[in-house]
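Colleague: Need a 3D model of the sequence below.
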Amino acid sequence: MMVVLVKGAGPPFEAVAFFPWGAQDLAALWGGEYNKEPYTYYWAATISSYKPVFAAASKTHACIFSSQNPAIQPLDLRLSQVQSADGWPTQIAWALHPTSFSPFLLIAVDRKVLIIDAKTGSVVGLLRGHGGTITFIAVHPTSPHIFCTTSKDFTTRIYDLTRLATEPSTNLHWAPDPRPSGAGLPFGLRAAEPEGRGQGLCITVLVGGKSGGHRAAVLGAAFHPVLPVLATCGTDRALKIWYVRPQNTKTLVREDKPLFSTTKVHQASIGSLVWLGREHLLSHCATPVFRACEGEETILKTGKGTLVIWEWLAMDRFFPPEHADSWQDVLRGSASVPSLKVIAEYAFEQQLKPNVIPRIHSCFSGEPQISYTYPGSHAIQVVGLASARPRKKPTISDQGKLAPPDQDALQRHLNIEPLANLGCIQLSIPPEEGSFHACAMNPDGDVVAGAGCAGSEAAIWVWYKRSL
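Modeller: Residues are numbered from 1 along each chain as shown. Sure thing, here's the model as predicted:
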């Protein structure tokens, strides 16, 4: 069954996110510290109210919907009219406050982050600091009061919702003034301007640059659910894994050297990545562009974006399981460490436009699956990953084995299977009814929502499992 929820005239919905937690998740959150009375009572009340809920955001509005009751909830917040100059879509995510379990909506508007209380619709925090458009928001899977934002300023900033943006400065004083110095950060902010107001404080900045950080816009990030590491990706085709220090300091942590970095996995801008296990990750890239020679002319051709499952081979080097109680507080990597193994690789369908990144959402609570759509398309693909298999070795004929080394090398390339081989369920709408800009699945994977526009109106399409 499909339900269409229309917001009204205005810009299309560019982001959608389901409330990502269920009744059994409290045991895994915050190390199980709050898995006891009276917190279990508060948790049950939160889950009963918000489990069927998802949020959507456009350039001008943020709304909350219910997947069980197709009616707009009271929250209908009008956002700032300030839009990113490059037209990057609005980002949205859910977060939680420990002890009270108050759900927050995190909405990235240009270079700022709005923190909204989902119960009242009031803005409880406003964070600034990025020097470029915010491209993604990632919330820690087991400590949901911690989140990070990636940006086109080459940096990633990590925030703590339990701290205030207006906490007193910890700078040293400059004699003869006995007060802390008012000097600002060497990045992000100007002079001593405030970082924001209300809840949320930046605790770590992963900077970009030649020393080891990203050299272009950062497009995605993913916290490891157990270990203190964060993976990032961007338009520089780089995948990086950073050590996130324990949050026991009141000073801002600045990190410029990741534990791992490589550009050997994808051939175009990397749009997202997610942890599949202790050392396995899933990442995907945009439609690549290649130069090809036809006669005396050089033309540009588009390839196929890829979805890759790969393994970081150095995980046990930095975090040995047998010494989990005595890990070092300071770890050092290098600018480029290609310690990885590609497990499986699949190709998206051919796209005519170059550098088009599909919008992907993953769900691993049950059978691992992803949903994805291309901005402006009329279909959402739901793909199960349980049948993914390692790449097959290339077969070479006896004649090929006797070929010169240069020809032999050309025959040893690995063929990439199409993603459709894993089995896709296509959820589509007629072109005259509208188009999608983003999609998401609920934690159980039985509800899919597509965000976009229906003519001149912002709209949401919802499919239920019995119709998939």
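Colleague: quick one, strands of the stretch 51-200 of the chain?
Modeller: In the stretch 51-200 of the chain, the strands defined using DSSP state E, counting those that start in this stretch lie at 53-57, 61-66, 76-78, 91-96, 103-109, 112-117, 123-127, 134-139, 146-151, 156-164, 196-206.
Colleague: Going by mean pLDDT, which of these comes out lowest?
Modeller: Per-segment mean pLDDT for those reaches its minimum on strand 76-78, at a mean of 74.
Colleague: Buried by neighbour count: which residues of it qualify?
Modeller: Residues of strand 76-78 classed as buried: Leu77 (neighbour count, 16 or more other C-beta atoms under 10 Å). Backbone N, C-alpha and C define where each C-beta goes, glycine included.
Colleague: circling back: dump the strands of the stretch 51-200 of the chain into CSV; add distance to Gly295 as well.
Modeller: Output for these, formatted as CSV (distance: least, C-beta to C-beta, whole Å):
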stretch, distance to Gly295
strand 53-57, 49
strand 61-66, 53
strand 76-78, 57
strand 91-96, 45
strand 103-109, 47
strand 112-117, 51
strand 123-127, 55
strand 134-139, 40
strand 146-151, 42
strand 156-164, 45
strand 196-206, 46
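Colleague: Mind checking those for the one nearest to Gly303?
Modeller: For these, proximity to Gly303 was assessed by C-beta to C-beta; strand 134-139 is nearest, at 22.8 Å.
Colleague: for that closest one, packing partners?
Modeller: Using 3 or more C-beta pairs under 8 Å, 6 or more residues apart in numbering; DSSP states H and E as the contact criterion, the secondary-structure elements in contact with strand 134-139 are strand 91-96, strand 103-109, strand 112-117, strand 146-151, strand 218-223.
Colleague: could you check the angle strand 91-96 makes with that strand?
Modeller: Angle between the axes of strand 134-139 and strand 91-96 is 20 degrees (criterion: axes from the mean of the first three to the mean of the last three C-alpha atoms, to 10 degrees).
Colleague: Go ahead and confirm Val6 touches Gly455.
Modeller: No: Val6 sits out of contact with Gly455 when judged by C-beta atoms under 8 Å, with a separation of 9.6 Å.
Colleague: which one of the two has more residues nearby?
Modeller: For the pair Val6 and Gly455, the greater number of neighbours falls to Val6 (15 against 11), based on other C-beta atoms under 10 Å.
Colleague: any idea how far that one is from Phe13?
Modeller: Val6 sits 10 Å away from Phe13, going by C-beta to C-beta, to the nearest Å.
Colleague: overlap in contacts of these two?
Modeller: Both Val6 and Phe13 are contacted by Ala458, Ala459, Ile460, under the criterion C-beta atoms under 8 Å, 6 or more residues apart in numbering.
Colleague: so which of the residues you listed comes closest to Thr40?
Modeller: Ranked by distance to Thr40 (C-beta to C-beta), those are led by Ile460 at 32.3 Å.
Colleague: Any idea how many residues pack against the closest one?
Modeller: Every residue meeting other C-beta under 10 Å relative to Ile460 is counted, giving 24.
Colleague: what's the closest non-adjacent residue to it?
Modeller: Closest residue to Ile460 in three dimensions, ignoring its sequence neighbours and counting by C-beta to C-beta, 6 or more residues apart in numbering: Leu5, at 4.2 Å.
Colleague: Not counting stretch 107-117 itself, show me its contacts.
Modeller: With C-beta under 8 Å, 6+ apart as the criterion, stretch 107-117 contacts 57, 62, 75, 77, 79-80, 82-84, 90-92, 95, 102-106, 122-128, 130-134, 136-137, 149, 151, 159, 161, 196, 198-200.
Colleague: Done for today, thanks.
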